Each structure stands twice: as structure tokens, then as C-alpha cells.
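S.K.: what follows is a predicted structure for the sequence shown.
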Amino acid sequence: MAAGSFSVPVLAGTPSAAAASAVPRCHDADLHARYRATDNGAGHRFGKIVLRNVSGHRCRTGGFGGLSYVGDGNGTQIGAPADRQGSGGSFVLRPGQRAVSRVDETVAENYDAAACRPHAVDGFRIYVPNATRSQFVAHPTTGCLDPAVHLISHTAYRKRG
């Protein structure tokens, strides 16, 4: 090395924020949604919405999507959409990787029937973050027709392991 010159080592690491933002946003067709029950107790049921990257490319997602009960055999929304708990940021999913949102369902039978107006639910309507098209995931249960009764909450999507 010549006098007065120096070298700077190049370190391999995580991509910069600029590199991550250059990855395209995940669209509904890139992610397949499913629900997995995990636990229950004290008038609540717990589970996870899992989004798997089924595309052939990396894509960026994160934060919240939409979640609500649907029924009547035709996708009619039943009651209030899910409340959002916490916060989350953007991340990149490679093909096959998953993102998870924890779901907390309050059992409709905890409410007075006159206030709740119990109604059969066929499943969830799930919007992946930043998407305008939804996916249906079967999850038969009972919801409340009254939109003032909030039965569902979920966390922001986080990259799984």
C-alpha cells in the first residue's frame, strides 16, 4: 500500500434501509393466508394468522392488514373489524418465508344476547398489509352483529423466525 493511502473493509451484513425499500411490496397474490388456533381460556380463543410468501420473488410487507368475521355464505361482514394492538415495521420475505399476526377472539357468549345479537360466522376476511383484495379463511364460530361489540384484536405482522 502506498504511503498516505488506506483501505476500508467491506462488511457483509444486513441490507440497508434503501436496499430493503427497493424490494417490491407484497401483493395479495404473493401471500397465502391461513389461521392456526393456539390456545383458549377465560372467554377467549387465541390463534395466529400466518402469511406465507408463495411468489417466486422477495417482497416487502409488515404492519397491519385487515381482519374481520364474515358469514351468511356470501362474505357479509359480521360485526366490527378487528382492533389493532401494538405496532410494527416493514420487513422483507423471501419465497417460502412467513409473517405472523397474533389473534385474540373474545367469545360472543360473554355478551348479553340482546346487545351482541349472536350470528353464525363462516370465517375470517383477511387483507394482507397494503392490499385491497381479501382472502377468505374458514373459521366457523359465533360473532356479534352489533358493530359496537368488538370481539377480535390482532397484532402487527412480524417476520417468523
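M.R.: The structure has been received and is ready for your questions. Predicted model only: the values in this text are computed from it and were never measured. Numbers count the residues shown, from 1 in each chain.
S.K.: which residues in this structure form strands?
M.R.: 31-41, 44-53, 59-62, 66-71, 76-78, 83-85, 90-93, 98-106, 118-127, 134-144, 152-155, 158-159 (DSSP state E).
S.K.: now do the third one: which elements does it pack against?
M.R.: So that's strand 59-62. strand 90-93 (3 or more CB pairs under 8 Å, 6 or more residues apart in numbering; DSSP states H and E). Every C-beta, even on glycine, is put in place using the N, C-alpha and C of the backbone.
S.K.: same deal with the second one?
M.R.: Secondary-structure packing of strand 44-53 (3+ CB pairs under 8 Å, 6+ apart): strand 31-41, strand 98-106.
S.K.: show me what the last one packs onto, helices and strands only.
M.R.: Applying 3+ CB pairs under 8 Å, 6+ apart, one finds that strand 98-106 contacts strand 44-53, strand 152-155, strand 158-159.
S.K.: quick one: low-confidence ranges for this structure?
M.R.: 1-21, 161 (pLDDT under 70).
S.K.: how about the nearest residue to Lys159, chain neighbours excluded?
M.R.: Phe91 (4.6 Å; CB to CB, 6 or more residues apart in numbering).
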